[in-house]
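# how does the following fold in three dimensions:
(one chain, ligands or ions: 1)
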Amino acid sequence: MKINSNYLNLEESYLFSTIAKKVNEFQINNKDADIIRLGIGDVTKPLCGAVIDAMKKATDEMGHAETFRGYGPEQGYTFLREKIRDYYSTRNVKLDVKEIFISDGAKSDLGNILDIFSKDNTVLIPDPVYPVYVDTNIMAGRKIIYLDANEENSFLPLPPKDLKVDIIYICSPNNPTGAVYNRSQLKLWVDYANKNNSVILFDAAYESFIDEKDCPHSIFEIDGAKSCAIEFCSFSKIAGFTGTRCGYTVIPMELERDSTKLNSLWLRRQTTKFNGVPYVVQRAAEAVFTQEGKKQIFETINYYKENAKIISDTLNELGIWFTGGKSSPYVWLKCPNNMTSWEFFDYLLSKAHIVGTPGSGFGKNGEGFFRLTAFGDRDNTIEAMKRIKELF
Ligand code: PLP
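Residues are numbered from 1 along each chain as shown. I've put the predicted structure just below:
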């Protein structure tokens, strides 16, 4: 008997445990310190009223024999898939419901999608990056090629010349850098993928934060994307579903490799290994697309966006270089005075009692950078920026 020894190649992630340990130690030694956490990647605002009402109604249905639901369709209920189809149509992206798969979140699908690809494929992953892309490929024993994202390319790397890869990860708006690709940049990626027979795995988990006209919410807004891309999206950051769990994946019928529709492979994979998202949760997600739901979720998104603006205005005032903060809940700043990410973490914690996330935890190119997030409380964000201004 042998284990999957690829797991032994995974690097232990100490990022968030080290942060927690350092903050705990600091608090014990500085009992009165009012610590503000701007490192948090989770949302803090509750689910909106429209979502809660839909959830309650669906829960009641589950308590009556006439309206009770057992196993649902593995790929999701049509009522939710239709709403997502209509949502895409507002951006002139025409989808068939069969191209939309409901899941328990983007993280699961981003990991599980690798089931349908050969282990021999090469993978291109930007650095720094959301660590799930890296670890899931290491688990599968796939060869990873890293693409440098850095200050020179404003953390928006473009397709490499003279290099052919099979699978490409793009996350826009990006976690951790907050950087967002515009239309012409994404077109370069789509053209590259079509030319090289690659498949783009496009992570749109933060699409609802986009307000710049030239930045697409979906890769399918780009001509030619349907023959080379799969899109992952989530209700987590859009509507506060981080604990409720719902997302979706779009695989166009046009997308074929080895004369096979990837949509059919994914359908087979999901119907074999997945039994669907709870009815109550899918009804809750459906409520996000109602008039009331849209209004309420955008109130929350705008609250986070205002926090992001408060952070970016402060950094602009101080002349600190950063990406993100616009069309994104993340602000990715260059550590002042050439400090390393962890030096800046310690400095900010000890001098201003503020916690952020060291960029080096997201890849080697994250060294010297630092992530602040807009998911916190407004007063705390304002207070934190006041402290940072005093410090610099
Ligand atoms: N993709 C990115 C880039 C993320 O940052 C996250 C969560 O932080 C996810 C996907 C996971 O989303 P979900 O909660 O839907 O699994």
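
# A352 contacts K386, doesn't it?
No. Taking contacts as Cβ atoms under 8 Å, A352 lies outside contact range of K386: 9.3 Å. In short, each C-beta sits where N, CA and C put it, glycine included.

# and the two? Which one has more around it.
More neighbours surround A352 than the other of A352 and K386, with 21 against 12 (other Cβ atoms under 10 Å).

# how about that one, nearest residue that isn't a chain neighbour?
Leaving aside its sequence neighbours, A352 sits nearest to R387 (Cβ to Cβ, 6 or more residues apart in numbering; 4.0 Å).

# ramachandran coordinates for the one you found?
phi -70, psi -40 (degrees, to the nearest 10).

# that one: what's it in contact with?
I36, A352, H353, I354 (Cβ atoms under 8 Å, 6 or more residues apart in numbering).

# among those residues, which ones are in strands?
Among the contacts of R387, the members found in strands (DSSP state E) are I36, I354.

# closest one of the contacts of R387 to P160?
Nearest to P160, judged by Cβ to Cβ, of these is I354 at 37.1 Å.

# how many neighbours does the residue nearest to I170 when sequence neighbours are not counted have?
Nearest residue to I170 in three dimensions, chain neighbours excluded: F202, at 5.2 Å (Cβ to Cβ, 6+ apart). If you count neighbours by other Cβ under 10 Å, F202 ends up with 28.

# equivalent analysis for the one 5 residues further on, please.
Each residue near E207 was counted by other Cβ under 10 Å, and the total is 22.

# in this structure it contacts I219, no?
No. Here E207 does not reach I219: they are 10.0 Å apart, not a contact under Cβ under 8 Å.

# okay, A204 and V93: tell me how far apart.
Distance of A204 to V93, computed by Cβ to Cβ, to the nearest Å: 11 Å.

# those two: which has the busier surroundings?
More crowded of A204 and V93, by other Cβ under 10 Å: A204, with 24 against 21.

# relative to the ligand, how far out is that one?
To the ligand, A204 is 9 Å away according to Cβ to the nearest ligand atom, to the nearest Å.

# ok, now D60?
27 Å.

# also A384?
For A384 relative to the ligand (Cβ to the nearest ligand atom), the value is 21 Å.

# now D377
For D377, the distance to the ligand - Cβ to the nearest ligand atom - is 19 Å.

# got phi/psi on that residue?
Note on D377: backbone dihedrals following degrees, to the nearest 10 are phi -80, psi 150.

# pLDDT at it, what is it?
Turning to D377, the model gives it a pLDDT of 94.

# for it, give me its contacts.
Counting by Cβ under 8 Å, 6+ apart, D377 touches T44.

# kindly report the same for V51.
Contacts of V51 by Cβ under 8 Å, 6+ apart are A239, G240, A284, A285, A287, V288, G293, Q296.

# where do the strands sit along the stretch 151-300 of the chain?
Along the stretch 151-300 of the chain, the segments classed as strands by DSSP state E, counting those that start in this stretch run 167-171, 199-203, 229-234, 247-250, 256-257, 260-261.

# the first one versus strand 229-234: what angle between them?
Inter-element angle recorded for strand 167-171 and strand 229-234: 40 degrees (by axes from the mean of the first three to the mean of the last three Cα atoms, to 10 degrees).

# quick one: the helices in the chain?
Using DSSP state H, the helices of the chain run over 15-29, 49-62, 78-89, 106-112, 131-139, 183-196, 236-239, 262-273, 279-287, 291-318, 341-352, 378-391.

# the ligand contacts on the stretch 1-150 of the chain?
By Cβ under 6 Å from any ligand atom, the part of the stretch 1-150 of the chain that sits against the ligand consists of G41, G105, A106, K107, Y130.

# closest one of those to T300?
Taking Cβ to Cβ as the measure, G41 is the one of those closest to T300, at 15.9 Å.

# what sits against that closest one?
Listed by Cβ under 8 Å, 6+ apart, the contact partners of G41 are N175, T357, T373, F375.

# any idea how far N24 is from the second one?
As for T357, its distance to N24 is 16 Å (criterion: Cβ to Cβ).

# which of the two has more neighbours?
Higher neighbour count among T357 and N24: T357, with 25 against 10, using other Cβ under 10 Å.

# relative to the ligand, how far out is that one?
Note on T357: its distance to the ligand, by Cβ to the nearest ligand atom, is 12 Å.

# going forward can the numbers begin at 81, since that is how I track them
Shifting the count to begin at 81 puts that one at T437.

# close enough to count as contact, that residue and R451?
Yes. Proximity of T437 to R451 meets the contact threshold set by Cβ under 8 Å, at 4.2 Å.

# what touches both of the two?
The overlap between the contact sets of T437 and R451 (Cβ under 8 Å, 6+ apart) consists of G119, P256.

# what sits closest to G156 if chain neighbours are left out?
The spatially closest residue to G156, leaving aside those adjacent along the chain, is I182, at 2.6 Å (Cβ to Cβ, 6+ apart).

# the one you found pairs with what?
Y328 (DSSP bridges).

# surely it is in contact with T158?
No. Taking contacts as Cβ under 8 Å, I182 lies outside contact range of T158: 10.0 Å.
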